[in-house]
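S.K.: Okay, here's the prediction I keep looking at, along with the sequence it came from:
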Amino acid sequence: MSNHSDKYYVPAQSPWPIVGAFSLFLIALGAGTTVAKIHQSGDPGWGKIVLIIGIISVLLMMFGWFRDQVKESMSGMYNAQLGRSYRQGMIWFIFSEVMFFCAFFGALFYARILSVPWLGGADNNAMTHEVLWPAFEVIWPLIKTPDGTETTAMGWGGLPLINTLILLASSVTLHYAHVGLEKNKRTQLTLLLAATVAFGCVFLGLQVLEYMHAYQDMDLKLDSGIYGNTFYLLTGFHGMHVTMGTLFLIVMLLRVMKGHFSPDNHFAFQAASWYWHFVDVVWLGLFIFVYII
Amino acid sequence: MTTLVQEQDDHDEHHAIPTGIKRWLYTTNHKDIGTLYLWFAFIMFLIGGAMAMVIRAELFQPGLQIVEPHFFNQMTTVHGLIMVFGAVMPAFTGLANWMIPLMIGAPDMALPRMNNLSFWILPFAFLILLMSLFMEGGGPAFGWTFYAPLSTTYSGDSTALFVFSVHIMGISSIMGAINVIVTIWNMRAPGMTWMKMPLFVWTWFITAFLLIAVMPVLAGVVTMVLTDKFFGTSFFDAAGGGDPVMFQHIFWFFGHPEVYIMILPAFGVISAIVPTFSRKKLFGYSSMVYATASIALLSFVVWAHHMFTTGMPVFGELFFMYCTMLISVPTGVKVFNWVATMWRGSISYEVPMLFAIAFIILFTIGGFSGLMLAITPADFQYHDTYFVVAHFHYVLVTGAIFSIIAGTYYWLPKWTGVMYDVTLARAHFWCSLISVNLLFFPMHFVGLAGMPRRIPDYSIQFADFNQWISIGGFAFGLSQLIFLALLIKACRKKGKPVDTQVWEGAEGLEWQVPSPAPYHTFDKPPEIK
């Protein structure tokens, strides 16, 4: 199958997909059982073990799969058409991630624009307000829910603002790392990529601090009504994506240090960079709609 | 293009076809994966069908006799989930895998390993879903739409397994859709311009966009169900500032495009079959493409027509009513074009054509009942009755499933290299056609008379109709065993060998490769004139 870089590369059989499918099975089964069993008796039982095995095996699968792909790519089996396939695939994957966040932003907007005002008697819901929770007052952030759970709102200054600046800076450093790669300035590439990874790690660390502060000092918890719900699910899923993006960038950094990628052949780097910019844009949306407004 | 067949012989550089179980587990071949998808879908169709038989057995008579109401609820729920996510969607993905590379002259799908991953997730996902039925407290019992608070406050602990199995199904669908988009965008043979693509390719291309746009939203809404049930959030609980109606909005934002995901590829299959057996070019090709795209775009702004009785501002009801009715315009264009294709054609009634004609007529009935349901004031009467059940089974069984069967009969000789047993096929058609109408047509009447759906018992005046419906149901279920026998026979290559062309009037690249299609096709892209 060699020496056909003009031809579209169709890989031979590969064990990784079935390993991946089985790992996802273990993750889904383990996570489902863990959650159900904790709900029943407080003890996750065997579910936790299955979940951990699943996560480890999915990581091994990704390692093996991508190792194969790196080998293929480095030995010149990929042509420009395959490069386009990968790029388009990555773009549409990111689009699907955008839609995932849309669901949670949708919930946030629905609560703010519709359900919370309705509970306070807006539109033709005066009786709803009167009959259900007459004492309920409409404010956003919803620091007191209809059934009386109280919490504190997270301001946008301090940690969130610092985190915003960090992510914005990381997008800039990553962009110039990419420019360095395209101009074959390897030192610029390595240093700026390393800086981006560092920014990502700092962001995650500060996010953890923010959560600890919210839980311990502010009484802002996952179950603190719709404000806490949307706050934690949006920032939490964003944090998970930053974690994945940082891991992605760390792998890229290791590959850069091994001398991988050339100015005209660096799909993986490009994909990592797109992913990171996407995560950055989501954060801007979060910062505006969850923290500021 | 006559040189194509010779080029096919030139694939000695490939490894030999792998054998044994590894062939199927490790495969990267679009034909293998297509076959896996199709068999998986058929097995799930039989399992989901068996659950429907339980439902019809219980409803054979008024009163409770065979199953507990809670078990009945699990059956309606899992029947729906299996048929939507386990039967119809994988069957179309199987057809896409088999046919899209052949139709556009590509050597394989664009991302073959990911293709295999998308398939193998599915059996595991459904294993989890089916396992949850045996958990303490039973499986999901809140309807396939899992409305909150049924799925949050009032559901069993197996909801967690349901949520995670839907998550991995969604991952599978998204990867499958990405593969379809990239394949069509990037892998067309030189000369296969956009407006030369067969309609099956077009409809799947558009469907794939719907999939990547809405499957993540489904993932989001099941996640909210999970956190509401197990982690104390209140997305769907007014006491915490949320709203159970919000569940329905997010769910149907996924759910309505989802029904087009299940029918657009069907339009593509029918648009391939009707011209072949009418021996004419498809009437209005470009209008078909634009109609498909319009349906897909409109599908994003009609979701709340599932919720007319739930309550929303009057402006909302009107907006969603008119947008829904607007969909009947492009759909009407399609039906018109199929009929116009047949008009003055030299029609012959091979089995794929029989199913295609049945599709056109019966799908149109389902479309019309949909139009009735779209009228907001009328919907207050029809909502949650058997009329709705009749409507969506006409579009999904005699629509989507009939087109899958039609497509299978159309392309099966190309896949296996032998003509299937035509006598069995005709028996399958007539038994299915008669029984499916006996099964679903009377549902219109009991529905209009007010029989509610998803209830294991009913008033005595519905008894006669329900007996007919159940008899139709059992007969339709048994008819599919004819199909099973036929498929097994065809896969064991019992039958008369067919030539490359198979059907006299068929056009397209798939009819220029040998029958059965070689393991690797279009190593070198064909030239399209």
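M.R.: Structure's in. What do you need? Remember, predicted model here, so these are calculated numbers, not experimental data.
S.K.: who's in contact with the residue nearest the centre of chain A?
M.R.: By C-alpha atoms, centre = their mean, chain A has its centre lying nearest to A:H241, at 1.5 Å. Neighbouring residues of A:H241 by C-beta atoms under 8 Å, 6 or more residues apart in numbering or on different chains: A:E97, A:V279, A:V282. From N, CA and C alone the C-beta is placed, and that goes for glycine too.
S.K.: So the second one: helix, strand or coil?
M.R.: The reference is to A:V279. Classification of A:V279 by DSSP: H, G, I helix; E, B strand; the rest coil places it in helix.
S.K.: Which residue is it, in the stretch 201-350 of chain B, that comes closest to chain A?
M.R.: Closest contact between the stretch 201-350 of chain B and chain A, by C-beta to the nearest C-beta, is at B:G220 (2.7 Å).
S.K.: Contact partners for residue 99?
M.R.: Answering for chain A, as no chain was given. Listed by C-beta under 8 Å, 6+ apart, the contact set of A:M99 reads B:I212, B:A213, B:V214, B:M215, B:P216, B:V217.
S.K.: Switch to chain B, please.
M.R.: Applying C-beta under 8 Å, 6+ apart, we find B:M99 in contact with B:G34, B:F200, B:W411, B:E510.
S.K.: Format those as CSV; extra columns: neighbour count and distance to chain A.
M.R.: Output for the contacts of B:M99, formatted as CSV (neighbours: other C-beta atoms under 10 Å in any protein chain shown; distance: C-beta to the nearest C-beta, whole Å):
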residue, neighbour count, distance to chain A
B:G34, 25, 15
B:F200, 27, 20
B:W411, 26, 21
B:E510, 26, 18
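S.K.: from these, which two are the most distant?
M.R.: Maximum pairwise distance among the contacts of B:M99 (C-beta to C-beta): 13.0 Å, between B:G34 and B:F200.
S.K.: and A:I18, what does it touch?
M.R.: With contact set as C-beta under 8 Å, 6+ apart, A:I18 has these partners: B:L25, B:Y26, B:N116, B:L117, B:W120.
S.K.: Counting neighbours, which of these comes out on top?
M.R.: In terms of neighbours by other C-beta atoms under 10 Å in any protein chain shown, the contacts of A:I18 top out with B:N116 at 29 neighbours.
S.K.: Give the helix, strand or coil label for that one.
M.R.: Recorded secondary structure, B:N116: helix (three-state DSSP).
S.K.: name the element the closest residue in space to it that isn't next to it in sequence belongs to?
M.R.: Once flanking residues are discounted, B:N116 sits nearest to A:P17: 3.9 Å by C-beta to C-beta, 6 or more residues apart in numbering or on different chains. For A:P17, the element it lies in under DSSP states H and E is helix A:16-41.
S.K.: Could you identify the helix or strand that succeeds that helix?
M.R.: Note on helix A:16-41: by DSSP H and E, the next helix or strand toward the C-terminus is helix A:46-74.
S.K.: from the middle of its chain, how far away would the helix or strand just after that next one be?
M.R.: Under the assignment DSSP H and E, the closest C-terminal helix or strand after helix A:46-74 is helix A:80-109. The gap between where helix A:80-109 is centred and where its chain is centred comes out at 12 Å by C-alpha atoms, centre = their mean, to the nearest Å.
S.K.: likewise stretch A:12-27?
M.R.: The chain centre lies 22 Å from the centre of stretch A:12-27; the measure is C-alpha atoms, centre = their mean.
S.K.: and if you look at stretch B:53-60?
M.R.: The chain centroid and the centroid of stretch B:53-60 are separated by 23 Å under C-alpha atoms, centre = their mean.
S.K.: Quick one: mean pLDDT for it?
M.R.: The pLDDT scores in stretch B:53-60 average 97.
S.K.: that older thread, so can I have JSON lines of the contacts of A:I18 showing pLDDT?
M.R.: Shown next, in JSON lines, are those (pLDDT from 0 to 100):
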{"residue": "B:L25", "pLDDT": "95"}
{"residue": "B:Y26", "pLDDT": "95"}
{"residue": "B:N116", "pLDDT": "97"}
{"residue": "B:L117", "pLDDT": "97"}
{"residue": "B:W120", "pLDDT": "97"}
